[in-house]
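Asks: Structure here, sequence nowhere to be found:
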């Protein structure tokens, strides 16, 4: 056997071996491996003569345009592959120099188109197929042009094409065996799903990874006996139809989700199994985030109930004092003042008791706040204050718990200004801004205050935060103090 014949036989052997070595894997891998092996057998069949001399070209084009999914993507790829099989049985047409140059270029264009239009991990696989097509079809077209220019180089061109075929087979086999582009992408997606993040929905990540932009994922919740989307909204599972398949995803024998997708996505059982595992992880994340959100809401509601309960108790004590002890003491004072038993000392003691009780009631809850509202209560608070106060209140219909929090923050802040700030004037601004009450107490005193330094504001900060708000202080030395509270009005 001549060296040329041995070279030809070696090319077929490489394709067959590469196909056999790559055959272990899912349905996708097995289809590609089968095409590789059959291409090698068709190459050997070329020794039989013209009827099957160019059969390998149809299979080679099919292999290049269907890699890595095992299916032809798009009408362009299907038309070119059909034409390649038709030409495979037309030996005289294959020997035509114009066809020998133009058809490989058309195949290259189809391969480039499948690569450019691919998405997700499929794009990485088709990049390898494009390189393989560039090697084989490029050498085929270029070799024909070289042979036309110098017929003496025909043997060299044949050797070059044999080498290109071997390189293409090894490249595709290596990518199937060690590339693991789909597994790597799915592993990366699993790592993303292991982190609680809200930047991109899980279904969008999965769709991008599997190369199916129309993919939809719906989670099964046994307690609801139905499916929900990623936001937890109940959905009706769509029916399968043309170009759309519905696959139930199970993890450890338990249904976790339903995937609505392109039918080709389910061709590979390993891919579906990986998607099921990822859906289970996503479902766990969704449930965990929902549970955390529920706990936060419950804690928020609990803290608000505590504040409401404290305020209700203050109002109850205030009413009890007014209807009880204060009323009786007032009556005694009236009787003493009208009768002969009136005694100046007794009257003074009674007056003092009334004042003490009134101060106790005000300390529990300002009566003017509940009866007249936040604005009049603050006007009463600053009346007689030793430092001039510029008071600006632009709110109405403030919930009592919010009004009470604002009142006590103002009272404590003004008390601190009077004790420590050495300020000549203080400004109090209260207004509503997009559903929140914003309170600011600003002085131009010595500054240097600390909200956690025993100022009394630290306890009020807890009260404000219990209502879902914030309390902050800015008090640089020599620049005065600014206390700001933001409290939701809801």
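Replies: Yep, that arrived. Model, not experiment: these values are computed from the prediction.

Asks: how does this structure divide into domains?
Replies: 3-179, 183-294, 324-364, 367-488 (automatic domain parsing).

Asks: Of all those, which one comes closest to residue 310?
Replies: domain 367-488 (8.6 Å; CB to CB). Glycine gets a C-beta too; all of them are placed from N, C-alpha and C.

Asks: quick one: average pLDDT of that closest one?
Replies: Computed over domain 367-488, the mean pLDDT rounds to 88.

Asks: just stretch 281-299 next, same as before
Replies: pLDDT averaged over stretch 281-299 gives 68.

Asks: just stretch 61-73 next, same as before
Replies: Here the average pLDDT along stretch 61-73 is 86.

Asks: Going by neighbour count, list what's buried in it.
Replies: 61, 62, 63, 64, 65, 66, 67, 68, 69, 70, 72, 73 (16 or more other CB atoms under 10 Å).

Asks: that older thread, is it possible to export the domains of the chain to CSV including distance to residue 311?
Replies: Formatted as CSV, these follow (distance: least, CB to CB, whole Å):
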stretch, distance to residue 311
domain 3-179, 57
domain 183-294, 26
domain 324-364, 10
domain 367-488, 6
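
Asks: wait, which of these is closest to residue 308?
Replies: So among the domains of the chain, domain 367-488 is nearest, using CB to CB, at 5.8 Å.

Asks: and that closest one, how far apart are its ends?
Replies: End-to-end distance for domain 367-488, by CA to CA, to the nearest Å: 23 Å.

Asks: Stretch 388-403 now?
Replies: 23 Å.

Asks: Number the chain from 5, please
Replies: In the new count, where the first residue is 5, that last one comes out as stretch 392-407.

Asks: quick one: contacts of stretch 43-57?
Replies: 12-13, 15-23, 58-60, 63-64, 67, 93, 95, 98, 169, 173 (CB atoms under 8 Å, 6 or more residues apart in numbering).

Asks: Filter those down to the buried ones and hand me the ChimeraX line.
Replies: To isolate the buried ones among those in ChimeraX, judged by 16+ other CB under 10 Å, type:
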select :12,15,16,18,19,20,21,22,23,58,59,60,63,64,67,98,169,173
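
Asks: For residue 246, give its distance to residue 437.
Replies: Using CB to CB, to the nearest Å, one gets 54 Å for the distance from residue 246 to residue 437.

Asks: okay, the two: which has more neighbours?
Replies: residue 437 (11 against 5; other CB atoms under 10 Å).

Asks: mind checking the backbone torsions on that one?
Replies: phi -140, psi 110 (degrees, to the nearest 10).

Asks: quick revisit: how about a markdown table for the buried residues of stretch 65-77, with distance to residue 285 and secondary structure added?
Replies: A markdown table is the format used below for the buried residues of stretch 65-77 (distance: CB to CB, whole Å; DSSP: H, G, I helix; E, B strand; the rest coil):
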| residue | distance to residue 285 | secondary structure |
| --- | --- | --- |
| 65 | 40 | helix |
| 66 | 37 | helix |
| 67 | 35 | helix |
| 68 | 35 | helix |
| 69 | 34 | helix |
| 70 | 31 | helix |
| 71 | 30 | coil |
| 72 | 25 | coil |
| 73 | 24 | coil |
| 74 | 27 | coil |
| 76 | 33 | coil |
| 77 | 29 | coil |
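
Asks: How many neighbouring residues does residue 485 have?
Replies: 26.

Asks: Against residue 114, how distant is it?
Replies: 74 Å.

Asks: Equivalent analysis for residue 84, please.
Replies: 4 Å.

Asks: list the residues that contact both of these two?
Replies: By CB under 8 Å, 6+ apart, the residues touching both residue 84 and residue 114 are residue 69.

Asks: before we move on, the earlier item: nearest to residue 262, of the buried residues of stretch 65-77?
Replies: residue 73 (22.3 Å).

Asks: Now do that closest one against residue 111, distance only.
Replies: Distance from residue 73 to residue 111, by CB to CB: 18 Å.

Asks: State the helix or strand in which residue 81 lies.
Replies: Under the criterion of DSSP states H and E, residue 81 resides in helix 79-92.

Asks: Okay, buried residues for that helix please.
Replies: Neighbour counts over helix 79-92 (16+ other CB under 10 Å) mark 80, 81, 84, 85, 87, 88, 91, 92 as buried.

Asks: So what's the residue count around the closest residue in space to residue 398 that isn't next to it in sequence?
Replies: Of all residues not flanking residue 398 in the chain, residue 435 sits nearest, at 4.3 Å (CB to CB, 6 or more residues apart in numbering). Using other CB under 10 Å, residue 435 has 13 other residues around it.

Asks: Can you name the residues that contact residue 435?
Replies: Per CB under 8 Å, 6+ apart, neighbours of residue 435: 396, 397, 398, 399, 441, 442.

Asks: Those: which two are farthest apart?
Replies: Longest span within the contacts of residue 435, CB to CB: 396 and 441, 13.3 Å.

Asks: residues shared between the contacts of the two?
Replies: By CB under 8 Å, 6+ apart, the residues touching both residue 396 and residue 441 are 434, 435.

Asks: Looking at the two, which has the bigger crowd around it?
Replies: Taking other CB under 10 Å, residue 396 and residue 441 do not tie; residue 441 has more neighbours (23 against 12).

Asks: host element of the more buried one?
Replies: Here residue 441 is assigned to strand 440-447, by DSSP H and E.

Asks: returning to that earlier point: helices or strands next to the helix holding residue 81 in the packing?
Replies: Other elements packing on helix 79-92 under the criterion 3 or more CB pairs under 8 Å, 6 or more residues apart in numbering; DSSP states H and E are helix 59-70, helix 95-98, helix 101-121.

Asks: Distance to residue 221 added to those, as a markdown table?
Replies: A markdown table is the format used below for the helices and strands packed on helix 79-92 (distance: least, CB to CB, whole Å):
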| stretch | distance to residue 221 |
| --- | --- |
| helix 59-70 | 27 |
| helix 95-98 | 48 |
| helix 101-121 | 23 |
